[in-house]
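Asker: Predicted model and sequence below, questions to follow.
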Amino acid sequence: MMESEWSSSSWDMDDEYEKFIRRMNPPRVVIDNGSCPNATVILVDSANKHGIHLEVVQVLTDLNLIITKAYICSDGRWFMDVFNVTDSEGNKLTDEGILGYIRKSLGADSCFVPTLRRSVGVEPSTDYTSIELTGTDRPGLLSEVSAVLTALKCSVVNAEVWTHNNRAAAVMHVTDEATGSAITDPQRLSKMKQLLCNVLKGNNKTRGAKTVVALGSTHTERRLHQMMFADRDYERSHDDALDETPRPNVMVVNWLDKDYSVIIIRCKDRPKLLFDTVCTLTDMQYMVFHANIDAETPEAYQEYYIRHIDGCPVNSEAERQRVIQCLEAAIERRVSEGLKLELCTSDRVGLLSDVTRIFRENSLSVTRAEVTTRAGKAINTFYVRDAAGNPVDAKTIESIRQAIGQTILQVKGGSENSQSAPQESPTRFLFGGLFKSRSFCNFGLVRSNS
């Protein structure tokens, strides 16, 4: 049997086994709006498997819910996750459509979200062609990529771009300008891949560039974490090491009595922080056995009790440093440095190319971008700074708004500051919190007998 046939057969057997386990032990979802005064409590329990916590967190995060507190327990063959969540306005969840979606997505009739191996470029899509790009970041890079796509008669319908540690990653969904459907011609796809790879390489001879073009369906943010992790964006150069910008407080220690490694993360809270850190732990092949999450204040505290998938805790100083660096990178990738600009206008072919060209001509660099189209409307968000990495001059912004349109391009505020509040002991939650103060009693699901 050929290797590809064996791999496909293995996946099918794995999926059938997972379905059997789920039929024998169906997931349970409890949604409670009564036990907590300021949040909806969601409890999920089911048969355990590697990556299950990420799948649950991903469902909640995709609904743009705010997780203010969480408790995870998955020793043995069973897991239980408990979350205190609110909507983006800080209110409890009362919309029956959202509550029903959560029950359906996480409950007995679900298959959760697609597994990691099936979520990247496997499921065919006739709606768009997916392009994945990684390379060295530089001013004007997004403009050059957009210009190539426009020249190839491609329309960008969705895109997300992240930059971190002088590296850039993008996932872009494009369609054929003439048909509005996915691009399937092999020669055209090959040319697209070659031209984009040349743009990404630029004059850089030390770090590689990668372009993947496929008919596939991906979870964009999940894929961006994987791409940047594979690109080793967590490695800091000597110049980066001299940067005095405050970094997230990440500590890794071993709890020898329980054979766990304990990770303590302390940083400024923001949306999707839990998703980002759990993504990285999953990518690094660590299993979370217990976790306490507290994000009820502007500072977030995350505490994970982990082992590697081989059953061992972190067992060397080099591994410990790598875990710290990778988690710092996961936290920083989504923290956008720069001025936030929002563009809303009728969509058209070449719009992204024209807008980013104007940014480039005014010496602006895009540090992060989200491009979406809905019902013929382009709704784009850009974080920009000048080519030297400094805040953007007000006159420059006014000039850009005049070129693009005063009502089309809006300024939405300054930089997202990643600086933490004054430090306190990073061991605040260490050890004692897991089995004492931070038990299920905190979530109102189990009564305390003390």
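Answerer: Arrived safely, thanks for sending.

Asker: By mean pLDDT, flag the weakest helix or strand of the chain.
Answerer: Using mean pLDDT, DSSP states H and E, the weakest-scoring helix or strand in the chain turns out to be helix 432, at a mean of 46.

Asker: wait, Lys201 sits on Ala209?
Answerer: Yes - at 4.6 Å, Lys201 counts as touching Ala209 under the criterion of C-beta atoms under 8 Å. Bear in mind the C-beta positions are built from the backbone N, C-alpha and C, glycine included.

Asker: anything in contact with each of the two?
Answerer: Gly135 (C-beta atoms under 8 Å, 6 or more residues apart in numbering).

Asker: Now do the most centrally placed residue in the chain against Ala39, distance only.
Answerer: When C-alpha atoms, centre = their mean is applied to the chain, the residue found nearest the centroid is Glu221 (3.9 Å). As for Glu221, its distance to Ala39 is 23 Å (criterion: C-beta to C-beta, to the nearest Å).

Asker: And Lys104, by the same measure?
Answerer: 21 Å.

Asker: Comparing the two, which shows the higher neighbour count?
Answerer: Ala39 (25 against 13; other C-beta atoms under 10 Å).

Asker: Just list the residues touching that one, thanks.
Answerer: Counted by C-beta under 8 Å, 6+ apart, Ala39 has contacts Thr68, Lys69, Asn84, Val85, Thr86, Lys92.

Asker: let's go with 7 Å and repeat that
Answerer: Thr68, Asn84, Val85, Thr86, Lys92 (C-beta atoms under 7 Å, 6 or more residues apart in numbering).

Asker: Ok, Leu351 next?
Answerer: By C-beta under 7 Å, 6+ apart, the neighbours of Leu351 are Ala378.

Asker: for it, phi and psi?
Answerer: phi -60, psi -50 (degrees, to the nearest 10).

Asker: and what of Asp283?
Answerer: The phi/psi pair for Asp283 (degrees, to the nearest 10) reads phi -60, psi -30.

Asker: any chance you could map the helices in the stretch 51-200 of the chain?
Answerer: 52-62, 96-106, 141-151, 186-201 (DSSP state H, counting those that start in this stretch).

Asker: ok, and what's touching the helix or strand hosting Val384?
Answerer: Take DSSP states H and E as the rule and Val384 turns out to sit in strand 377-386. Here strand 377-386 makes contact (C-beta under 7 Å, 6+ apart) with 336-347, 351, 359, 363-372, 391-392.

Asker: so where's the stretch 151-300 of the chain uncertain?
Answerer: Residues of the stretch 151-300 of the chain that meet the criterion pLDDT under 70 lie in 203-206, 216, 238-244.

Asker: same thing with the stretch 301-450 of the chain?
Answerer: Residue ranges of the stretch 301-450 of the chain with pLDDT under 70: 413-450.

Asker: Helices of that one, residue ranges please.
Answerer: So, for the stretch 301-450 of the chain - with DSSP H, counting those that start in this stretch - the helices run 317-332, 351-361, 394-404, 432.

Asker: Out of the contacts of Ala39, the closest to Ile265 would be?
Answerer: Proximity of the contacts of Ala39 to Ile265 (C-beta to C-beta) peaks at Thr68, which lies at 15.7 Å.

Asker: would TSV of the contacts of Ala39 with pLDDT, neighbour count and distance to Arg138 be doable?
Answerer: Shown next, in TSV, are the contacts of Ala39 (pLDDT from 0 to 100; neighbours: other C-beta atoms under 10 Å; distance: C-beta to C-beta, whole Å):
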residue	pLDDT	neighbour count	distance to Arg138
Thr68	96	20	39
Asn84	98	26	42
Val85	98	21	39
Thr86	97	17	39
Lys92	97	16	45
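
Asker: Name the nearest of these relative to Val148.
Answerer: Among the contacts of Ala39, and counting by C-beta to C-beta, the member closest to Val148 is Val85, at 41.3 Å.

Asker: who touches the closest one in this structure?
Answerer: Counted by C-beta under 7 Å, 6+ apart, Val85 has contacts Ala39, Thr40, Ile42, Leu60, Leu65, Ile66, Ile67, Thr68, Leu93.

Asker: ditto for Asp176
Answerer: Neighbour list for Asp176: Lys153, Cys154, Ile183 [criterion: C-beta under 7 Å, 6+ apart].

Asker: Can you turn the buried part of those residues into a ChimeraX selection?
Answerer: Entered in ChimeraX, the line below selects the buried ones among the contacts of Asp176, by 16 or more other C-beta atoms under 10 Å:
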select :154,183
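
Asker: who's the nearest residue to Asn249 once chain neighbours are set aside bridged to?
Answerer: Nearest non-adjacent residue to Asn249, counting by C-beta to C-beta, 6 or more residues apart in numbering: Arg266, 4.1 Å away. Beta-bridge partners for Arg266, by DSSP bridges, are Asn249, Tyr301.
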